[in-house]
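[1] no FASTA, just this:
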């Protein structure tokens, strides 16, 4: 039974990484206005939202099974507070930190209609910190004797990294014009 | 009798262009202990009256400002374009001068409040309650309660206190009482300031710059934020909101511009719009994209006229109003709408392939 939980935890962890990477790539596409058509933008936005909701199931399973199984010592406290687990406190802690950030991003997105756009945006930026933490956590703990799992994490890192690099290089006529005008004499 | 009730009895309204009742502003300012900024910028094209007040009635202006801000006289500031003769005069009098860049939207009320707080001289989004009660800008920065009054308005306040409401109401009309200043411009005489009143004959005001030329086609009232009115309407026109409104114009900041009759008006409007396109604060869509796009379309029409382009111009100018932090796009839209109406013969002439302007008319095309 304990072994089943351990393998479930690893499997759902890997699935979460893959899905999260997909969500990050879709999110970068939205904010970089990468969709060419109006329909495309709608599809990308919907996928971004639903995929993130879907991955929540895998992530919760991943955390729950990691806590319940007794093969390594991770308790309920260290599932919420980073760097408190008995097993690999640093690398599990990164995962916990990513989980906390994920919860913050999720909650603010669900309350998006009720909170300020600025507040939502600020918290949403945390996704760019959460994703590398999750990748690092997955890479270090995704046991080295399983080349397939390692390869999956590396592939995710490459794909997500490429999306973020693309996003940071994107220019938009709105932003460009704002910058151009703000550089004039206004004070 | 309080100062506010005196201003209400006299019917004093803001002379900066919006004609907002000064008594209401003063009561709000006193209630919130707002700081006072006296706007001496003359930001509209052709405006000169704020500078005139500073040049000729500076002592009265300062006394008026102190009456309006009795509890916080040390916080009164006088806004003027950086390096302008007005700014030099204000500095010379030892006043606290708020120097702003000489840009069209920088002398707008909320721009002045913004730069007075160490921000940029760009308009801020208006919220309820207004900035006279303080609040926050769109970035969440705290804004101290501040009230902005035009220099002429402040000067009128002192006159009212000295001479009374009855004296004030002996000028102007019942709807628009009181003496008021007008800046009149012609191609040769810039910024001639007249002491006049609502109801004065337009032709009389124009005589200050030599009168309406016989071949004049239009007069521009209110500068870039104003309207062209046809010259044939001028002889029967009075300087009042009611009379000007019939032609789609208004008193605004009190600026009259006699248009050079020998210049092609399409080229003239092109010049105005090119200036407008460069004056966007780069904050709101209709201003940072709409105004330059409108200017570009007009320029293309001037170079290569076509009916669809004319259609685009009127369509686009209809999209600009009511959607910016300030009324700059609204003013430009009104300017273009009045130009397309008053100069419709010229636009049609250009469409037909010739320019009605005799100076620029090619010799080989027929006139009508």
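    Great, that's in hand. Being a predicted model, the structure only gives us computed values, none of them experimental.

[2] CA atoms for contacts and neighbours, from now on please.
    Will do.

[3] Let me know the average pLDDT across the helix ranked longest in chain B.
    Longest helix of chain B, by residue count under DSSP state H: helix B:151-169. For helix B:151-169, mean pLDDT is 96.

[4] Stretch A:90-105 too?
    95.

[5] Same question for stretch B:197-215.
    Rounded mean pLDDT across stretch B:197-215 is 92.

[6] Pull out the buried residues from that stretch.
    B:197-199, B:201-206, B:208-209, B:212 (16 or more other CA atoms under 10 Å in any protein chain shown).

[7] End to end on it, go ahead and measure it.
    End-to-end distance for stretch B:197-215: 27 Å, by CA to CA, to the nearest Å.

[8] One more: stretch B:1-21?
    18 Å.

[9] That stretch - what's its average pLDDT?
    On average, stretch B:1-21 scores 94.

[10] Kindly tell me how buried residue B:28 is, as a neighbour count.
    18 (other CA atoms under 10 Å in any protein chain shown).

[11] pLDDT wise, what is it at?
    96.

[12] So which bits of the helix or strand containing it are buried?
    Using DSSP states H and E, the element containing residue B:28 is helix B:22-31. Buried positions in helix B:22-31, judged by neighbour count with 16+ other CA under 10 Å: B:22-23, B:25-26, B:28-30.

[13] Next, the angle helix B:151-169 makes with that helix.
    Counting by axes from the mean of the first three to the mean of the last three CA atoms, to 10 degrees, helix B:22-31 lies at 120 degrees to helix B:151-169.

[14] contacting residues for residue B:24?
    Applying CA atoms under 8 Å, 6 or more residues apart in numbering or on different chains, we find residue B:24 in contact with residue B:4.

[15] before we move on, what about residue B:121?
    So residue B:121 contacts A:186-187, B:100-101, B:105-107, B:111-112, B:114-115 (CA under 8 Å, 6+ apart).

[16] now residue B:86
    B:40, B:51, B:54-55, B:80.

[17] Helix, strand or coil: sort out the residue nearest to residue B:54 when sequence neighbours are not counted for me.
    Once flanking residues are discounted, residue B:54 sits nearest to residue B:86: 6.6 Å by CA to CA, 6 or more residues apart in numbering or on different chains. The assignment at residue B:86 comes out as helix when based on DSSP: H, G, I helix; E, B strand; the rest coil.

[18] if we can go back for a sec, quick one: which of the buried residues of helix B:22-31 is nearest chain A?
    Using CA to the nearest CA, residue B:29 is the member of those that lies nearest chain A, at 25.3 Å.

[19] Make sure that closest one is actually in contact with residue B:134.
    No. Look at residue B:29 against residue B:134 with CA atoms under 8 Å: they stay out of range, at 10.1 Å.

[20] overlap in contacts of these two?
    By CA under 8 Å, 6+ apart, the residues touching both residue B:29 and residue B:134 are B:145-146.

[21] Which positions in the stretch 251-368 of chain B make contact with chain A?
    Applying CA under 8 Å from any CA of the partner chain, we find that the stretch 251-368 of chain B lies next to chain A at B:280-283, B:288.

[22] What is the nearest of these to chain A?
    residue B:282 (5.0 Å).

[23] For the closest one, which residues are in contact?
    Applying CA under 8 Å, 6+ apart, the residues near residue B:282 are A:177-178, A:181-182, B:288.

[24] Am I right that it is in a strand?
    No. Looking at residue B:282 with three-state DSSP, it is coil, so not inside a strand.

[25] Could you report the separation of it from residue B:40?
    Residue B:282 is 24 Å from residue B:40, by CA to CA.

[26] Could you do residue B:131 as well?
    19 Å.

[27] likewise residue B:64?
    Taken as CA to CA, the span from residue B:64 to residue B:40 is 14 Å.

[28] Next: residue B:271.
    Counting by CA to CA, the gap from residue B:271 to residue B:40 is 25 Å.

[29] distance of the residue positioned nearest the centre of chain A from chain B?
    For chain A, residue A:131 is the residue whose C-alpha lies nearest the centre (CA atoms, centre = their mean; 3.9 Å). According to CA to the nearest CA, to the nearest Å, residue A:131 and chain B sit 28 Å apart.

[30] Which elements pack onto the helix or strand hosting that residue?
    Residue A:131 is part of helix A:127-141, with elements assigned from DSSP H and E. The contact analysis (3 or more CA pairs under 8 Å, 6 or more residues apart in numbering or on different chains; DSSP states H and E) places helix A:127-141 against helix A:2-31, helix A:89-110, helix A:147-169.

[31] Just put the ones you listed in a markdown table and tack on mean neighbour count and distance to residue B:297.
    Shown next, in a markdown table, are the helices and strands packed on helix A:127-141 (neighbours: other CA atoms under 10 Å in any protein chain shown; distance: least, CA to CA, whole Å):
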| stretch | mean neighbour count | distance to residue B:297 |
| --- | --- | --- |
| helix A:2-31 | 20 | 31 |
| helix A:89-110 | 20 | 42 |
| helix A:147-169 | 16 | 31 |
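
[32] Those helices into TSV, with extra columns for distance to chain B?
    Converted to TSV, these look like this (distance: least, CA to the nearest CA, whole Å):
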stretch	distance to chain B
helix A:2-31	19
helix A:89-110	19
helix A:147-169	22
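
[33] Any regions of chain A where pLDDT drops low?
    Applying pLDDT under 70 to chain A flags the ranges A:143-144.

[34] 80 instead?
    The model of chain A has pLDDT under 80 over residues A:1, A:70-72, A:142-145.
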